[in-house]
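Participant: dropping the sequence and predicted coords here.
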Amino acid sequence: MNYIIIPDLHGQYYKLLSLIKQFVKIENGIIKESKYKIILLGDFIDKGPKEEQIKLTEFIYNNLKQIYLVLGNHEEGSFKTLKGFDESNVLDFNKSLSPYYKNHFVPIAIDNPELKEIFYEIYSKMFRIIETEHIICTHSPCLIEHIKEGSSLVTKYSYPRKKDFKKEEDFINYMDKFILEITKDSEHSKLHFSGHLEIGQVIKNNNQIWLDTNSKVLLTIAVINEGNLLFYNEKGLDLNVFKENCPVKVKEFIFEKLKMG
Ligand SMILES: [Mn+2]
């Protein structure tokens, strides 16, 4: 099977189109039958422009046959917040998970009941873990134990953000330690793909691949074609992955082109 694996889109509908049009045909908003299955690694809502969040949600809904969905913390948080709203009809800002989720998709869906129903339908088709013969996909980078246990950490492993550090250097040092800690275990041979982190680069260590979710500039996706793993952005093949952009110590881990049986 061939896969196109796409990290956190956060409502960037047009970016998704330019990424996947390199591999699949789209006619009247429908992805035509193709040799690729598309996997979205979660967090397709929030942050992006309102109109694009709506378009992206509708596009996913219309293409559920071609798109496999991993559950992200933004979908989970928004779903719970919306359900709370359905039950009480009053959005209680103190009771819901975090004020963060109320400033994005939630108010858009409350204003648009049809969109909310579409979102619920998509949500019912999302998985915390997608596993195939060769790959495992989770929203958040996580330890193999978390996958085995089916822990909710596969969706929302938390880590400090760049803005939590005074100096960028401190953040890089922290992330280097975090990366080594979380990727230490490579007992299984499948490639493990995840998104969720906002560190502005793709990271590979052992069998784990974390796709950059800082999609404000170029968004890098992974493409598995006939057992070859390649990386693409909107402009085409991304050859800079793992060469220039990794944190200092992570550069020690050299990326080899992966062949899967
Ligand atoms: Mn996330």
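Facilitator: That came through fine.

Participant: convert the C-alpha atoms of stretch 110-118 to PDB, please.
Facilitator: As requested, C-alpha coordinates have been extracted for stretch 110-118 and formatted as PDB (Å, rounded to 0.1, in the frame of the first residue of the first chain):
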ATOM      1  CA  ILE A 110     -21.800  26.600  17.100                       C
ATOM      2  CA  ASP A 111     -22.700  29.200  14.400                       C
ATOM      3  CA  ASN A 112     -23.100  26.500  11.800                       C
ATOM      4  CA  PRO A 113     -25.100  23.500  12.900                       C
ATOM      5  CA  GLU A 114     -24.600  21.600   9.600                       C
ATOM      6  CA  LEU A 115     -20.800  22.000  10.000                       C
ATOM      7  CA  LYS A 116     -21.000  20.700  13.500                       C
ATOM      8  CA  GLU A 117     -22.800  17.600  12.400                       C
ATOM      9  CA  ILE A 118     -20.200  17.000   9.700                       C
END
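
Participant: now that stretch, how far from the chain's geometric center?
Facilitator: Relative to its chain's centre, stretch 110-118 lies at 23 Å (CA atoms, centre = their mean, to the nearest Å).

Participant: name the residues of it that are buried.
Facilitator: Neighbour counts over stretch 110-118 (16 or more other CB atoms under 10 Å) mark 110, 115-116, 118 as buried. In short, each C-beta sits where N, CA and C put it, glycine included.

Participant: neighbours of the residue in the chain positioned nearest to the ion, how many?
Facilitator: The minimum distance from the chain to the ion, using CB to the ion, falls at H196 (3.8 Å). Residues contacting H196 under the criterion other CB atoms under 10 Å number 27.

Participant: got the contact list for it?
Facilitator: For H196, the contacting residues are 7-8, 41-43, 72-73, 139-141, 156-157, 210, 213, by CB atoms under 8 Å, 6 or more residues apart in numbering.

Participant: which ones among the residues you listed map onto helices?
Facilitator: Judged by DSSP state H, helices contain the following of the contacts of H196: 73, 156.

Participant: one step back: identify the farthest-apart pair in the buried residues of stretch 110-118.
Facilitator: With CB to CB as the measure, no two of the buried residues of stretch 110-118 lie farther apart than I110 and I118, at 13.7 Å.

Participant: give the contact list for the spatially closest residue to H10 that is not a sequence neighbour.
Facilitator: Here the nearest residue to H10 in space, its sequence neighbours aside, is K47; by CB to CB, 6 or more residues apart in numbering that works out to 4.0 Å. Neighbouring residues of K47 by CB under 8 Å, 6+ apart: 10-11, 104.

Participant: hang on, the earlier thing: could I get the buried residues of stretch 110-118 in a markdown table, plus columns for distance to the ion?
Facilitator: Below are the buried residues of stretch 110-118 laid out as a markdown table (distance: CB to the ion, whole Å):
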| residue | distance to the ion |
| --- | --- |
| I110 | 22 |
| L115 | 21 |
| K116 | 21 |
| I118 | 21 |
